[in-house]
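**Q** Have a look at this prediction, sequence included:
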Amino acid sequence: MKNQNTPWRRAWRALIARWSAEDYPGAEPRFQIVSLAKDLGVFVFLPIFCVLIYSVLTASKGAVKRGDPATDSGRARYQASEGKSQIIEFVSRRGNGASSVGRRAPGVLVRARLLNVVETYTTAPVHARIVDTGLGNNMLGGVLIGDATPDANFERISISFRFARDPRREEVAFPISARALSLDGTLGLVAGKKEGFLVRSVLGAAGSATQDTQGKMGDTGDFGQILLKALTAGLAQEFGGQTQVERNRSQVLVLTPATDFFVELTDYFSGGAK
């Protein structure tokens with residue numbers, strides 16, 4: 001005679017008891033398809049549904065437009081520089097290769113245009129082209145190089161610039177101390193989040209549903225619940241971890257190319273002038 005107290009038989013009886021109920025008071029309990037469907041919906045189909053929704057939304061979302069150097073006013077310089085060395089010579093103020101760029105005092109505003117996509121996971125590199133003569137005619141078309149840091153509380157990105165590349169000599173760059181201002185004069189640039197509001201909402205709901213499911217499974221000592229927890233713990237944990245990663249990515253602040261802004265000098269800029 002088979003042993004009726006093996007773990008699997010006890011688990012099977014617990015599941016049958018969980019999915020059985022009386023049709024009316026005093027009746028003999030019988031299998032209820034509604035109870036089975038409820039458990040399947042909560043522990044299987046709900047996580048799968050959330051994953052499908054996220055996949056559809058991300059597939060329909062267009063890729064972030066990236067700047068095309070060939071469409072920029074410096075197209076000829078860009079194509080010519082592809083075969084050149086990328087080593088930059090940082091010219092000192094008293095160097096022999098000094099340019100005719102005039103000295104500029106702190107507070108001077110220069111208009112610039114963003115060249116690259118800025119995604120501020122932590123700090124991010126920034127390349128911006130100078131589009132006016134704030135630093136002199138010789139620096140028009142030059143590239144400012146700096147670093148961006150995010151402020152998620154206000155959805156703004158702060159940028160500080162360290163070097164300005166000479167537009168006529170790709171191997172020459174001048175030290176600069178400057179910061180980015182919005183076109184209205186406020187510090188930093190207003191940024192958008194990497195994912196839209198709907199995608200962020202779906203990811204947040206999926207994460208909350210996973211946490212609620214895990215919490216409910218741990219609140220009871222019923223053997224059937226313990227077995228279900230053991231069967232779904234791996235799926236719930238993996239889904240919750242991946243959802244958290246995607247949720248963090250969706251909150252990343254992003255600046256797109258061709259964004260115009262002001263650059264304010266915070267120290268004297270010599271530009272190699274003697």
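**A** The structure has been received and is ready for your questions.
**Q** Count the neighbours of residue 107 for me.
**A** Neighbourhood size, residue 107 [other Cβ atoms under 10 Å]: 8. (Glycine included, C-beta is placed from N, CA and C.)
**Q** Likewise for the one 10 residues further on?
**A** By the measure other Cβ under 10 Å, the count of residues near residue 117 is 14.
**Q** Is it correct that it is in contact with residue 259?
**A** No. Applying Cβ atoms under 8 Å as the test, residue 117 and residue 259 come out as separate, 10.1 Å apart.
**Q** so the closest residue to residue 266 other than its chain neighbours is in which element?
**A** Spatial nearest neighbour of residue 266, excluding adjacent residues (Cβ to Cβ, 6 or more residues apart in numbering): residue 177 at 4.9 Å. Element membership of residue 177, judged by DSSP states H and E, is strand 172-181.
**Q** Look up how far residue 111 lies from residue 256.
**A** 17 Å (Cβ to Cβ, to the nearest Å).
**Q** The helix or strand harbouring residue 129 vs strand 172-181, what angle?
**A** Using DSSP H and E, residue 129 sits in strand 124-130. If you take axes from the mean of the first three to the mean of the last three Cα atoms, to 10 degrees, strand 124-130 sits at 100 degrees to strand 172-181.
**Q** Show me which residues of the helix or strand following strand 124-130 are buried.
**A** Sequence-wise, the next helix or strand downstream of strand 124-130 (DSSP H and E) is strand 143-151. Buried residues in strand 143-151, counted by 16 or more other Cβ atoms under 10 Å: 143, 144, 145, 146, 148, 150.
**Q** returning to that earlier point: tell me what the strand holding residue 177 is packed against?
**A** strand 89-90, strand 109-114, strand 143-151, strand 156-165, strand 260-265 (3 or more Cβ pairs under 8 Å, 6 or more residues apart in numbering; DSSP states H and E).
**Q** I'd like the average pLDDT over the longest one.
**A** Strand 156-165 carries an average pLDDT of 95.
**Q** Strand partners (parallel or antiparallel) of the strand holding residue 129?
**A** Sheet pairing of strand 124-130 (DSSP bridges) gives strand 109-114 (antiparallel), strand 143-151 (antiparallel).
**Q** of all these, which lies closest to residue 168?
**A** The minimum distance between residue 168 and those falls on strand 143-151, with 11.9 Å, by Cβ to Cβ.
**Q** and the angle for that closest one with strand 260-265?
**A** 100 degrees.
**Q** Between the two ends of stretch 16-30, how far is it?
**A** 9 Å (Cα to Cα, to the nearest Å).
**Q** now the helices for the chain?
**A** With helices called from DSSP state H, the chain shows them at 7-18, 33-40, 46-60, 75-81, 197-218, 223-250.
**Q** counting contacts, what elements does the second one pack onto?
**A** With contacts defined as 3+ Cβ pairs under 8 Å, 6+ apart, there are no secondary structure elements packing on helix 33-40.
**Q** Next, the residues that contact that helix from outside, please.
**A** Contact partners of helix 33-40, identified using Cβ atoms under 8 Å, 6 or more residues apart in numbering, comprise 18, 19, 20, 21, 228.
**Q** To what extent is the closest residue in space to the third one that isn't next to it in sequence buried, counted in neighbours?
**A** To tie it back to what came earlier, the one meant is residue 20. Closest residue to residue 20 apart from its sequence neighbours, by Cβ to Cβ, 6+ apart: residue 29 at 4.2 Å. Residue 29 has 12 neighbouring residues, counting by other Cβ under 10 Å.
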